[in-house]
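> dropping a prediction and its sequence here:
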Amino acid sequence: MEIISDIVKVQNRCVEARQSGKRIVLVPTMGSLHEGHLSLMREGRKRGDLLVASIFVNPTQFGPKEDFAAYPRDLKRDAELAREAGTDILFNPSMESMYPNGYKTYVNVEGLTKTLCGESRPGHFRGVTTVVCKLFNIVQPHVALFGRKDFQQLTVLRRMVTDLNLPIEIVGMPTVRERDGLAMSSRNAFLSAEERKQSLALIDALRQARMAARHGENHTRRLVGLVRERIGREPDAQIDYVKICHGETLESVDRVDAHSVLLLAVRIGRTRLIDNNYILEEV
């Protein structure tokens, strides 16, 4: 595996790979790799000839009061994990090369970014779509893999690729969970032992809602109320949102069906956690 920080060098390598008929797969990350990221890399290894993983803590998707400075960074550890997962090129650009002095250009997907995380984190998805579009232009992948845990992000990126006619297949992979059901996230490391216990309210609430739906409850208002009640029992939990939306449009629905996704964002202490699941699917 090569570790490359130079944008032009990575771009040239990927152009050469395309010209030689190789299928390029990209897994974008912000580092602090865990099993969720590694599962994407291992799947990417199966789907192409050249696997590129990027590590870039993107400043434009963090708000002024968010944890950009505190976000965990350990390139040596991440590089070893990426190597073991079969990565060919680990792309680790500097902030100055991605956003040079005078940078003015951003990509904005409207509508889908105004709800859910977009409502509580203004500008977040503009940062996500901009950096991912830049990575797509640098690497020129045939396929890019993302986790379904970040469901809104996945939906927004699919819209961007469709609207901008980018010849890239977007693959959404299932959420990878700890043994007790907590969705894997780099931010889980910020939880204290007590907060870690309380965080299981998210997966418990998802399961309770699914069980209620399987037993015939299809009114979203009552299902949302059930979820809020369960999470509200935890002393350090603060709900950002609980919504049931259509899986493609992210529009709220009154009654659930096979397209309905239950999405949660909850702060446990100071750590913001997200989770989701199609409400009629096993979780």
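Ah, there it is. Numbers count the residues shown, from 1 in each chain.
> which parts of the stretch 1-150 of the chain are helices?
Along the stretch 1-150 of the chain, the segments classed as helices by DSSP state H, counting those that start in this stretch run 7-19, 35-47, 75-84, 95-98, 117-120, 124-139.
> for the last one, packing partners?
It refers to helix 124-139. Here helix 124-139 touches helix 7-19, strand 24-29, strand 50-55, strand 89-91, helix 117-120, helix 151-163, going by 3 or more C-beta pairs under 8 Å, 6 or more residues apart in numbering; DSSP states H and E. All C-beta spots, glycine's among them, are computed from the backbone N, C-alpha and C.
> returning to that earlier point: which one of the helices of the stretch 1-150 of the chain is the most hemmed in?
Mean neighbours per residue, mean count of other C-beta atoms under 10 Å, is largest over the helices of the stretch 1-150 of the chain for helix 124-139, with a mean of 21.
> what comes up buried for stretch 193-212?
195-196, 198-199, 201-206, 208-210, 212 (16 or more other C-beta atoms under 10 Å).
> re the thing from before, among the helices and strands packed on helix 124-139, which gets the worst mean confidence?
Per-stretch mean pLDDT for the helices and strands packed on helix 124-139 is lowest at helix 117-120 (a mean of 95).
> who does residue 262 form a beta bridge with?
Here residue 262 sits in beta bridges with residue 244, residue 277, going by DSSP bridges.
> tell me the pLDDT at it?
On the pLDDT scale, residue 262 gets 98.
> next: the one 5 residues further on.
pLDDT for residue 267: 97.
> tell me where the model's unsure across the stretch 151-283 of the chain.
For the stretch 151-283 of the chain, no stretch has pLDDT under 70.
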